[in-house]
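# Task: produce atomic coordinates for the following.
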Amino acid sequence: MAGEKIFVADKPTLDKIYSILAPDQVWGFIEHNATLGASARIEYTGVNKNYKPLSLDKSSGVMSLNDWAGHPILEANKPYMVRNDGSPDYRLKADDYTKKEDGTASDVANSQYKGGAFSWLKKIYKQEYMIGDDRYVNFSMGKRDGFEPVGFIDDSNNELEGVWLPMFYGAILDPEGTPTMASLSGLQPTYSKDTTAQKTAIDNFGARARFLGGPIVETIIDLLILFAKTTDLQAAYGNGNMSGYDVSLEPTYGVLKNAVVKGGQFYGTGDGKSLNKIFHSVVLGSWQQWMRDPYEVVVNGRVKVSTNYKYDVTGASYLDTGIQVPNNLEWDGSHNALAYPSYYRTVPGYGAIPALEMKGGSTATGGCDGLWRKDPTQVFTAVALRFGDCYDGSGGGLRARYWNAAAAAAAWSIGAAILLLPPVGVAA
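Residues are numbered from 1 along each chain as shown. Predicted structure coming up:
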């Protein structure tokens, strides 16, 4: 840890961050990496300094937004049926996706629909930097010096007005011999497909379809930490289907079919065997299947990332984060190990990545979610997996990562979902 100074940004002056002359507000937090307690490690800053975080009743699944009610991100996050070119078709009822807003039947389960069900995540600007062991994160709806639209830049480097989040796990349909990824209710999430097969199916959905992964997931995680004031995101947003594994349910072993979940924007339970949702997405809330993220790869222990959804599973064209997996654990016979990170480092334009010793956390402390990793002395390129599966219990979650899977890996536990980019200039 000593002597490493990788991607530590200069500390902005407070007048730049919190200027009363600025046209909109700044919300923020500090993640104190040296503090293990999941709530104690998050300090509110900015206009939310004295906010009451949102709170979940796991018995009813109901989320109370408290002082975050009316936040522009939450207000704009609505469910839609979206055409496969990334343009919105029509809005769904927020508490019943089987209906359009006017009450008539929707296409949420229509496998012939030329598009899918997605929720709108409005563009927000983010500033992230390190001071010592502390990670500072600030958000603004408008442009400011030092703020970037992290996750809202496409692979032609165009800035987007928002992105479409998958409301359902990716399922592969095969119309006329053309395997195509779908985001629809009633379908079994895809499984036993490698990276190439998943990418082919996503590409066949439409030219603006990408894997759900990369910088937008890091921005979402930080928004959820901001709203909940904790890194224990399972406690804050529900447990999803993180303990639903059942060997008798071969070949999917407890991975539930996509379904319309009751409630609105959030629904979270504590039974560990139900579909939950975050931002109208069961993918973000359920953690029942690892989501392939080819925008983050680990090459011989070195973490490399794509900041704009450029696809290169070798990592050769990606940003080298400077973060090296340390050889500081007891590796199993296949040179794998599980750790619970307590330290996260900022990578500009991307987000927070577990770094340095990566020790000290647990399922309820530090980052709270598990990091499966490969002995860096091995010659191996891993394509990251996110969130965990229904066998991982509290080790899974929004911050969980699996750096042990090659691009050719295929199993019941590995799926994918569509991140759909709107055309440039298009907003919901």
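# hey, let's count contacts and neighbours off CA atoms from now on
Will do.
# for the protein, what's the longest strand?
Longest strand of the chain, by residue count under DSSP state E: strand 290-299.
# what is the mean pLDDT for that one?
For strand 290-299, mean pLDDT rounds to 98.
# Please apply the same query to stretch 208-225.
The average pLDDT within stretch 208-225 is 98.
# Stretch 142-150 now?
96.
# what's next to it, contact-wise?
12, 16, 23-24, 123-128, 139-140, 159, 215-216, 219, 307, 349-351 (CA atoms under 8 Å, 6 or more residues apart in numbering).
# Quick one: distance of it to the chain centre.
20 Å (CA atoms, centre = their mean, to the nearest Å).
# can you check stretch 113-124 too?
15 Å.
# What of stretch 368-379?
With CA atoms, centre = their mean as the basis, stretch 368-379 stands 19 Å off its chain's centre.
# next one: stretch 140-156
The chain centroid and the centroid of stretch 140-156 are separated by 17 Å, computed with CA atoms, centre = their mean.
# buried ones in that stretch?
140-144, 147-154 (16 or more other CA atoms under 10 Å).
# Using PDB, list the CA coordinates for it.
Provided in PDB are the C-alpha atoms of stretch 140-156 (Å, rounded to 0.1, in the frame of the first residue of the first chain):
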ATOM      1  CA  SER A 140     -24.700  17.300 -10.100                       C
ATOM      2  CA  MET A 141     -27.400  17.400 -12.600                       C
ATOM      3  CA  GLY A 142     -25.600  20.200 -14.500                       C
ATOM      4  CA  LYS A 143     -22.100  20.500 -15.900                       C
ATOM      5  CA  ARG A 144     -19.400  21.700 -13.500                       C
ATOM      6  CA  ASP A 145     -15.700  22.000 -13.500                       C
ATOM      7  CA  GLY A 146     -14.200  18.500 -12.600                       C
ATOM      8  CA  PHE A 147     -17.500  16.700 -13.100                       C
ATOM      9  CA  GLU A 148     -18.000  14.100 -15.900                       C
ATOM     10  CA  PRO A 149     -21.100  12.200 -17.200                       C
ATOM     11  CA  VAL A 150     -19.600   8.900 -16.200                       C
ATOM     12  CA  GLY A 151     -21.400   6.000 -17.900                       C
ATOM     13  CA  PHE A 152     -23.200   8.300 -20.300                       C
ATOM     14  CA  ILE A 153     -20.600   8.400 -23.000                       C
ATOM     15  CA  ASP A 154     -21.000   6.000 -25.900                       C
ATOM     16  CA  ASP A 155     -18.200   4.200 -27.800                       C
ATOM     17  CA  SER A 156     -18.100   7.000 -30.300                       C
END
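# Met81 - that's part of a strand, no?
Yes. Under DSSP: H, G, I helix; E, B strand; the rest coil, Met81 falls within a strand.
# hey, what's it bridged with?
Tyr90, Ala117 (DSSP bridges).
# Over to Glu296?
Under the criterion used (DSSP bridges), Glu296 bridges to Val305.
# quick one: it and Arg302 touch, right?
No. Assessed by CA atoms under 8 Å, Glu296 is found out of contact with Arg302, at 10.5 Å.
# Mind checking which of the two has more residues around it?
Glu296 (29 against 18; other CA atoms under 10 Å).
# Let me know the distance separating that one from Gly162.
Distance from Glu296 to Gly162, counting by CA to CA, to the nearest Å: 21 Å.
# Kindly report the same for Lys100.
Lys100 sits 22 Å away from Gly162, going by CA to CA.
# higher neighbour count, these two?
In this view Lys100 and Gly162 are compared by other CA under 10 Å, and Gly162 has more residues nearby, 24 against 20.
# Just list the residues touching that one, thanks.
Counting by CA under 8 Å, 6+ apart, the residues that Gly162 touches are Trp120, Leu121, Lys122, Lys123, Phe152, Leu421, Pro422, Ala427.
# Could you find the closest non-adjacent residue to Phe139?
Lys126 (4.6 Å; CA to CA, 6 or more residues apart in numbering).
# Surely the one you found touches Val137?
Yes. With contact defined as CA under 8 Å, Lys126 counts as touching Val137 (7.1 Å).
# Compare neighbour counts for the two and give me the winner.
Legend: neighbour count by other CA under 10 Å for Lys126 and Val137, higher for Lys126 (27 against 24).
# Helix or strand: which one has that one?
For Lys126, the element it lies in under DSSP states H and E is strand 125-131.
# From the contact counts, what lies against that strand?
Strand 125-131 is packed against strand 134-140, strand 344-347, with contacts defined by 3 or more CA pairs under 8 Å, 6 or more residues apart in numbering; DSSP states H and E.
# need the next SSE after the longest one, C-terminal direction.
Yep, that's strand 134-140 we're talking about. strand 162-166.
# give me the low-pLDDT residue ranges for the stretch 251-400 of the chain?
357-358 (pLDDT under 70).
# Please enumerate the helices of it.
282-286 (DSSP state H, counting those that start in this stretch).
# Strands of that one, start to end?
290-299, 302-305, 319-324, 336-339, 344-347, 351-354, 371-374, 381-386 (DSSP state E, counting those that start in this stretch).
# Mind putting these into TSV with distance to Thr365?
Supplementary listing: the strands of the stretch 251-400 of the chain in TSV, determined by distance: least, CA to CA, whole Å:
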stretch	distance to Thr365
strand 290-299	22
strand 302-305	24
strand 319-324	22
strand 336-339	12
strand 344-347	13
strand 351-354	14
strand 371-374	13
strand 381-386	19
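# Could you point out which of the ones you listed sits nearest Arg41?
strand 344-347 (12.0 Å; CA to CA).
# mind saving the C-alpha coords of stretch 163-170 as PDB?
What follows is stretch 163-170, C-alpha atoms only, in PDB (Å, rounded to 0.1, in the frame of the first residue of the first chain):
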ATOM      1  CA  VAL A 163     -29.300   5.300 -20.700                       C
ATOM      2  CA  TRP A 164     -31.900   2.500 -20.700                       C
ATOM      3  CA  LEU A 165     -31.600   0.000 -17.900                       C
ATOM      4  CA  PRO A 166     -32.800  -3.500 -18.500                       C
ATOM      5  CA  MET A 167     -36.000  -4.200 -16.400                       C
ATOM      6  CA  PHE A 168     -35.400  -8.000 -16.900                       C
ATOM      7  CA  TYR A 169     -32.500 -10.400 -17.200                       C
ATOM      8  CA  GLY A 170     -31.400 -11.100 -20.700                       C
END
